[in-house]
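Enquirer: coordinates only, sequence not included:
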């Protein structure tokens, strides 16, 4: 078949639109059509590779697409980042780190390359120091986006660095007050710091976010007692009694 770059570009662009709208099969068809018109279309290679990796769970086939994209466009940071993701799927963590480092060198102001390498270092390499440096850099690039604080705050918490963890959780919740995953760890750190009022507030939020965790429901009463506020504890427990299943141990 004669190469048709214009049609290939149009099909690749259409595939990206379909994929962004979660219409995977139409996206797949468009990327395949693009590559039929031009086997060297980098956008289609990356798009098809992403589907192979994340939908079909075929990291080797995805790696082949990304590898070809890297060879065709070696200055494109996203090709290296995508190949790194496939390498993680193939359990080649060392190669993945090298590719993410290359992606950063090509595009040093791109937030997500640092997030991705930080997660890789944290989860697979247990490199807390390297992960922390990456999350620091991501936050310095975009301090108004919440995700860097999720990872850095969680890492500080894991390292028992209470004050920095609290600061990151607080900033995260300023940016995303509805991010309920952090309610309980934030409340727990505040409890350790004896910030009773704010700790109680976030344990209540955590309990509301997960009403099946009855243990969480009792902690506000414990905090009331620690503050010497027995009437408030009793009133809270009376209300709670009406909400608990009578068959439960907590009742």
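Expert: Okay, I see it. Just so it is clear, the structure is predicted and the values come from calculations on it, not from any experiment.
Enquirer: can you pull out the strands in the stretch 101-250 of the chain?
Expert: Counting by DSSP state E, counting those that start in this stretch, no segments of the stretch 101-250 of the chain form strands.
Enquirer: just the helices from it, written as ranges.
Expert: Using DSSP state H, counting those that start in this stretch, the helices of the stretch 101-250 of the chain run over residues 111-123, 128-141, 147-158, 162-175, 183-192, 196-209, 214-226, 230-241.
Enquirer: export those to JSON lines and tack on mean pLDDT, distance to residue 4 and mean neighbour count?
Expert: C-beta here means a position set from N, CA and C on the backbone, and glycine is covered the same way. Shown next, in JSON lines, are the helices of the stretch 101-250 of the chain (pLDDT from 0 to 100; distance: least, Cβ to Cβ, whole Å; neighbours: other Cβ atoms under 10 Å):
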{"stretch": "helix 111-123", "mean pLDDT": "98", "distance to residue 4": "32", "mean neighbour count": "21"}
{"stretch": "helix 128-141", "mean pLDDT": "98", "distance to residue 4": "39", "mean neighbour count": "18"}
{"stretch": "helix 147-158", "mean pLDDT": "98", "distance to residue 4": "40", "mean neighbour count": "21"}
{"stretch": "helix 162-175", "mean pLDDT": "98", "distance to residue 4": "46", "mean neighbour count": "18"}
{"stretch": "helix 183-192", "mean pLDDT": "98", "distance to residue 4": "54", "mean neighbour count": "20"}
{"stretch": "helix 196-209", "mean pLDDT": "96", "distance to residue 4": "53", "mean neighbour count": "19"}
{"stretch": "helix 214-226", "mean pLDDT": "93", "distance to residue 4": "60", "mean neighbour count": "18"}
{"stretch": "helix 230-241", "mean pLDDT": "93", "distance to residue 4": "68", "mean neighbour count": "13"}
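Enquirer: with distance to residue 78 added, can I get the ones you listed in TSV?
Expert: Shown next, in TSV, are those (distance: least, Cβ to Cβ, whole Å):
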stretch	distance to residue 78
helix 111-123	9
helix 128-141	16
helix 147-158	18
helix 162-175	26
helix 183-192	33
helix 196-209	35
helix 214-226	41
helix 230-241	51
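Enquirer: out of those helices, which gets nearest to residue 249?
Expert: For residue 249, the closest of these is helix 214-226, at 8.3 Å, according to Cβ to Cβ.
Enquirer: counting by contacts, list what the closest one packs against.
Expert: Under the contact criterion of 3 or more Cβ pairs under 8 Å, 6 or more residues apart in numbering; DSSP states H and E, helix 214-226 touches helix 183-192, helix 196-209, helix 230-241.
Enquirer: quick check: mean pLDDT across stretch 30-49?
Expert: In this model, stretch 30-49 has an average pLDDT of 97.
Enquirer: ok, which of the helices of the stretch 101-250 of the chain comes nearest residue 251?
Expert: Of all these, helix 230-241 comes closest under Cβ to Cβ, at 7.2 Å.
Enquirer: that closest one to helix 196-209, inter-axis angle?
Expert: Helix 230-241 and helix 196-209 are oriented at 0 degrees to each other (axes from the mean of the first three to the mean of the last three Cα atoms, to 10 degrees).
Enquirer: list of residues touching the lengthiest helix in the chain?
Expert: Secondary structure of the chain read by DSSP state H shows that its longest helix is helix 5-20. With contact meaning Cβ atoms under 8 Å, 6 or more residues apart in numbering, helix 5-20 is reached by 24, 26-31, 33-35, 37-38, 41, 43-44, 47-48, 50-51.
Enquirer: swap the cut-off to 7 Å and go again
Expert: The contact list for helix 5-20 (Cβ atoms under 7 Å, 6 or more residues apart in numbering) reads 26-27, 30-31, 33-34, 37-38, 41, 43-44, 47.
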